[in-house]
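Peer 1: what's the 3D shape of this:
(4 chains)
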There are 4 protein chains.
Amino acid sequence: MQQIPVAVLGATGMVGQRFIELLANHPWFRLVAVTGSERRTGTGAPIRYGDAVTWRLTTPPPTVALDLPLLGPSAEFDAPVVFSALPTEEARELEPFFAARGHAVFSNASSYRMEEDVPLLIPEVNPEHLNLLVTQRARRGWRGYLVTNPNCSTIGIVLALKPLHDAFGVRQMQVTTLQAVSGAGYPGVASMDILDNVIPYIGQEEEKIERETRKLLGQASDGAVLPAEIAISAQCTRVAVRDGHLATISVALTQAASPAEVIATLREFRAAPQVMGLPSAPDPVVIVRDEVDRPQPVRDRDAGKGMAIVVGRVRPCPLFGIKFVALSHNTIRGAAGASLLNAEYLHARGSLLP
Amino acid sequence: MQQIPVAVLGATGMVGQRFIELLANHPWFRLVAVTGSERRTGTGAPIRYGDAVTWRLTTPPPTVALDLPLLGPSAEFDAPVVFSALPTEEARELEPFFAARGHAVFSNASSYRMEEDVPLLIPEVNPEHLNLLVTQRARRGWRGYLVTNPNCSTIGIVLALKPLHDAFGVRQMQVTTLQAVSGAGYPGVASMDILDNVIPYIGQEEEKIERETRKLLGQASDGAVLPAEIAISAQCTRVAVRDGHLATISVALTQAASPAEVIATLREFRAAPQVMGLPSAPDPVVIVRDEVDRPQPVRDRDAGKGMAIVVGRVRPCPLFGIKFVALSHNTIRGAAGASLLNAEYLHARGSLLP
Amino acid sequence: MQQIPVAVLGATGMVGQRFIELLANHPWFRLVAVTGSERRTGTGAPIRYGDAVTWRLTTPPPTVALDLPLLGPSAEFDAPVVFSALPTEEARELEPFFAARGHAVFSNASSYRMEEDVPLLIPEVNPEHLNLLVTQRARRGWRGYLVTNPNCSTIGIVLALKPLHDAFGVRQMQVTTLQAVSGAGYPGVASMDILDNVIPYIGQEEEKIERETRKLLGQASDGAVLPAEIAISAQCTRVAVRDGHLATISVALTQAASPAEVIATLREFRAAPQVMGLPSAPDPVVIVRDEVDRPQPVRDRDAGKGMAIVVGRVRPCPLFGIKFVALSHNTIRGAAGASLLNAEYLHARGSLLP
Amino acid sequence: MQQIPVAVLGATGMVGQRFIELLANHPWFRLVAVTGSERRTGTGAPIRYGDAVTWRLTTPPPTVALDLPLLGPSAEFDAPVVFSALPTEEARELEPFFAARGHAVFSNASSYRMEEDVPLLIPEVNPEHLNLLVTQRARRGWRGYLVTNPNCSTIGIVLALKPLHDAFGVRQMQVTTLQAVSGAGYPGVASMDILDNVIPYIGQEEEKIERETRKLLGQASDGAVLPAEIAISAQCTRVAVRDGHLATISVALTQAASPAEVIATLREFRAAPQVMGLPSAPDPVVIVRDEVDRPQPVRDRDAGKGMAIVVGRVRPCPLFGIKFVALSHNTIRGAAGASLLNAEYLHARGSLLP
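Peer 2: The predicted structure follows:
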């Protein structure tokens, strides 16, 4: 099969490195271009990616990427599909530029997630939101388009909520997150702030969970999304864990369900990516464990190659009805893997190339 | 002033060590006896406490304790006041024995906390529950008595709730705890279970928070406590922190209050121990911090010498009305310090000695 | 190819679990039996391995093992090859029993490592020590035999020394280890002993490094090993790392060598397992990194699937001549993987089956 | 007694904060001025120290400091004594400026430590090096003077060596350090680099240990120091510890000594600061522990209020003769406390004020 050439924007950061790792040996995509910041690429001769990057993942860097030249932030290249690991500010400026130029842009940045005509996509959750792209391209005059994926903590929560929302209706959710330090990038959280400690605050994270969840579970129509009417309250903390966001969740359902019914519903959940057998789609997408003390970050974050959600301790909640614990890998399913799955989904539908 | 002789039961464990530490240089009490398990004390010549104990606190062991002989579990000694750091099973058997023999027993064990005629006491919260002692002594025929203190995670939560309950009425509470490993004693949590990890389960902890909170905020009358009618849901986790239990809390109040009113109410809270100036009473007992990222275990757990509660991030909750974060030192305010303050309170009221 | 049936003794512990993991999908061996302690297997109906084990690795347990019955410690089974993850005391009693019964026993226990007629084997280092087996079987009257592998910290050190010893002669070595908590098994190191801490002591570890290194690099002749004349001093510490033992090493060479010569010698090192392409043999076996701050446990322990040694910071030492840092995965190359490679090596030589 | 006004340069960083903490309630010194960087103080109205600093110590900031205005880097103030917590570059530029202006400058920076006419002082070790000040002032034409203290890892090592050097002569030392993250300042070490990890490299640290040790134990004469002839090799690592540098040390002595003699010599060591009873001098300055597993950072770093050195595991070394483990608090004895003790020593000798 002819592989589709792809590029990674902001390829030297931690999410950029995850994109590089996940794209190595990908059956459908072939990495052909990487970009870096003005600071790294601005002057003189082009620099090799392998020389520019300080590789921080625990797996070695794929050799295919090492010899690529690190291009400037707005370089031209022959790759219809672009994955963006840009920081928020740069993403705000550059992603429309690439979409206008005709690229299919899959962005992990938060800059455009809440724009009315931009799909905030999880293929297992709201594939119909892709209809927004018609409006988006018409309104903005882009030859390409922009699809975003949710915040690293939102995505695990919503994947656990989706089957329950379909089956019983979710009216309310209270969530407390215990988030890994990799979520803050590199250098990110200082060691003096996290050894023997917890930080009970992550800037803008609670707001993102609250608003992104409603958009993801909302109805797309007339070029915009009507948010789901779910009352949400989030408290976010940072703990001494490298990877894997844990969340304690309570939900109030429209139609009451027992823990056994909730467990069965979660276990039965299969959506388009699973049915289509997309390369990065985990199957099952939600794993429910029976042990009383699971999920745990170090033991469960790599489930489904980091793309599955692991749920445990499903039990009655005196206040909401049901409570449980959920875990997701924040830099795979919560970042680069999410963007990649979005692109795979569009490709399988035949609508990837602009 | 004449000091009152006191003993510590179960003196070699971690809570026992905290009792020893807090009793060194105490203005009112003088440590004269320590007991250990049958295994340690059973045969042959008496052993020095200093030889029997493997000291695990980060402060050095007080010299006054080192030369005391480690007595057997049911030894006789001349100390009217007894602090119990016994494990649950041993406490169930031995505490009534000491109370019957005429000792005032202040217990950190959970064995009798929920018995109808046993006060579960926080002097700032429910001093009137001490009236139960009349019933207790009459019904059980004890010459002494038994007073207990709450679970290490409950006490911090309830000290934050009490001022709000008095001022506005607490109807509902949702809490997620992030608890320190010292709460599991020694050896307790295995390092392979907590490095780069979170354990989302602590046996019986959620149940203790739910039922102890209702008893503590309930009404004592006719020799029993009518539990407060507060709907409570708890999710408990263990994190890689040495000391200091953090809790993310949401509360529904009977009478609505703004964050500013909640903060003012917490800051103004002073109860009998503060007014009386008890040696171990912190003043203020609830500290409210304004920084967005506090309280934190490593920075706030020693506030008020480990006896104060530190609250932060008081803000509106879309579901309950108010949410915030609270921190308490689990082996000081949450264990040995709580028992000690209970004894100080009875002494100041003139009713310590049986 | 016909697979050889193998058994794992002490299969429920951490090293036992690593054996199970490494044997799943092994091209030459097929797991057919597992044993546990008297306590687990003693009474009543046989229990499934999957029900008996609390799986502690971060990869899921292989399904092939889950349905095997957990046999008693001295059970009979049809597997000529046995891997022993028994604790020291049990190993001392049971390993001769299995060797006498005709099994080829590959042991990770320390019980017999220093016995004169027992090979302490690293196939890359001292394959000629297998000649001891002739003496062993004759003297002990065993139908089978016993081969041991070194202590978890020794093996990484010796693999780094071997190429230097061959090329230049090693006269002296000073080593300080920073060892992972998994080396102490489960529950092993208490979290209160290692969070925000280092323990500068591991019982018997320094002695093991000093004597095992000399045996491994010694000459086998006349049914015994003449230890290498290397003066060794070790200081061993435990650090807050899950897996991966790091060692800072200084060596005095008989024939002086520059850092560049040392690096070249390490990089060129290939021994029989690499030449033969044994399934568990890493190639290269010693990886030398150029970055100033490598090797690091979290980034390098999985090199060569946990079977390679990673060396860095090769530089002059004012006292010894050469110093460097070495890292090895303590529960793979330092335990189960070492035993497995030993068995593979004998199989490739055609002398596995007794 | 009339207190001496003092200032702290670079008061907002981590070492600056330690100075502020240690100066609160000091019996001899009174903090009257604090300086910050150009960036913080450059424009507009003066800012309060309490508003400028992000306090990172676990003890609360002393109130006396909070209201001081944060002065610019080269501000004038009325304080004859100055403590410098400046970064290396700023120290190189500013310390001579303050010394020239007539201040007694006690610096924790490395910029001038190895200059021939600058005392690198530990009052217990080399008080006679203060004679260099005569040369320093004459040669440089300063009205004040500059005294430095050693690197945070050097000082603990040298305090353990000094008694041995006096009694037996130290010829060689091999040391491996396991250093705390606070030694890198704030934000310093990224959490992704240290959770579940060790970094076997600290820039310039090994060189500092090697050269500073020789200067500290050398002979001052003719306006310069003749370095001690000790062959030294250091390997430095960073571990997941907040505070407290641990070192495994081997020493070759000119005159052989048994472990018992070494222990007795260390325990008997008392130097001028102890005899004089300086406010910050620990007594004993070297604590030798008998337990096999001490010293440990979390349990021993606060010995002597962070100013004592804790030694353990003194035993024979097959290579050097004697080996042991030493621990010191890197931001107290290894930084701010060291400077402060230097000033106290000069004050007690009557030669503090220029």
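Peer 1: When you work out contacts or count neighbours from here on, use the C-alpha atoms and nothing else.
Peer 2: OK.
Peer 1: Could you pick out the residues of the stretch 151-300 of chain A near chain D for me?
Peer 2: A:181-182, A:186-192, A:194-195, A:240-242 (CA under 8 Å from any CA of the partner chain).
Peer 1: how about the CA coordinates for stretch A:198-216, as CSV?
Peer 2: Only the C-alpha atoms of stretch A:198-216 are listed here, as CSV (Å, rounded to 0.1, in the frame of the first residue of the first chain):
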residue,chain,number,x,y,z
VAL,A,198,1.2,16.7,45.8
ILE,A,199,0.3,19.9,44.0
PRO,A,200,-3.5,20.5,44.2
TYR,A,201,-3.7,22.8,41.2
ILE,A,202,-3.1,22.6,37.4
GLY,A,203,-3.8,25.9,35.6
GLN,A,204,-7.0,25.9,33.4
GLU,A,205,-7.3,22.1,33.7
GLU,A,206,-10.5,22.0,35.6
GLU,A,207,-12.1,24.4,33.1
LYS,A,208,-10.9,22.3,30.2
ILE,A,209,-12.4,19.2,31.7
GLU,A,210,-15.7,20.9,32.3
ARG,A,211,-16.2,22.5,28.9
GLU,A,212,-14.5,19.9,26.7
THR,A,213,-16.6,17.1,28.2
ARG,A,214,-19.8,18.9,27.3
LYS,A,215,-18.7,19.6,23.8
LEU,A,216,-17.5,16.1,23.2
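Peer 1: Any residue of that stretch touching chain C?
Peer 2: No. Judged by CA under 8 Å from any CA, stretch A:198-216 stays clear of chain C, getting no closer than 13.5 Å.
Peer 1: and if you look at stretch A:318-329?
Peer 2: No. Against chain C, stretch A:318-329 shows no contacts by CA under 8 Å from any CA, the least distance being 13.7 Å.
Peer 1: Tell me the spacing between A:Ile20 and chain D.
Peer 2: Noted for A:Ile20: a distance of 19 Å to chain D, by CA to the nearest CA, to the nearest Å.
Peer 1: Check the gap between that residue and chain B for me.
Peer 2: Distance, A:Ile20 to chain B, by CA to the nearest CA: 24 Å.
Peer 1: Tell me the pLDDT of the residue lying closest to A:Pro69 once chain neighbours are set aside.
Peer 2: Take A:Pro69 and drop its neighbours on the chain: the residue closest to it by CA to CA, 6 or more residues apart in numbering or on different chains is A:Arg48, 4.5 Å away. What the model reports for A:Arg48 is a pLDDT of 94.
Peer 1: from what I can see A:Arg48 touches A:Thr63, true?
Peer 2: No. A:Arg48 lies out of contact with A:Thr63 (CA atoms under 8 Å); the separation is 11.8 Å.
Peer 1: Between the two, tell me which one has more neighbours.
Peer 2: Just comparing A:Arg48 and A:Thr63: by other CA atoms under 10 Å in any protein chain shown the higher neighbour count belongs to A:Arg48, 17 against 11.
Peer 1: May I have the residues that are in contact with that one?
Peer 2: By CA atoms under 8 Å, 6 or more residues apart in numbering or on different chains, the residues touching A:Arg48 are A:Leu66, A:Asp67, A:Leu68, A:Pro69, A:Leu70.
Peer 1: in the sheet, who's paired with the residue nearest to A:Pro187 when sequence neighbours are not counted?
Peer 2: Nearest non-adjacent residue to A:Pro187, counting by CA to CA, 6+ apart: D:Ala190, 5.1 Å away. On the basis of DSSP bridges, D:Ala190 is bridged to A:Ala190.
Peer 1: Please consider this matter closed, and thank you.
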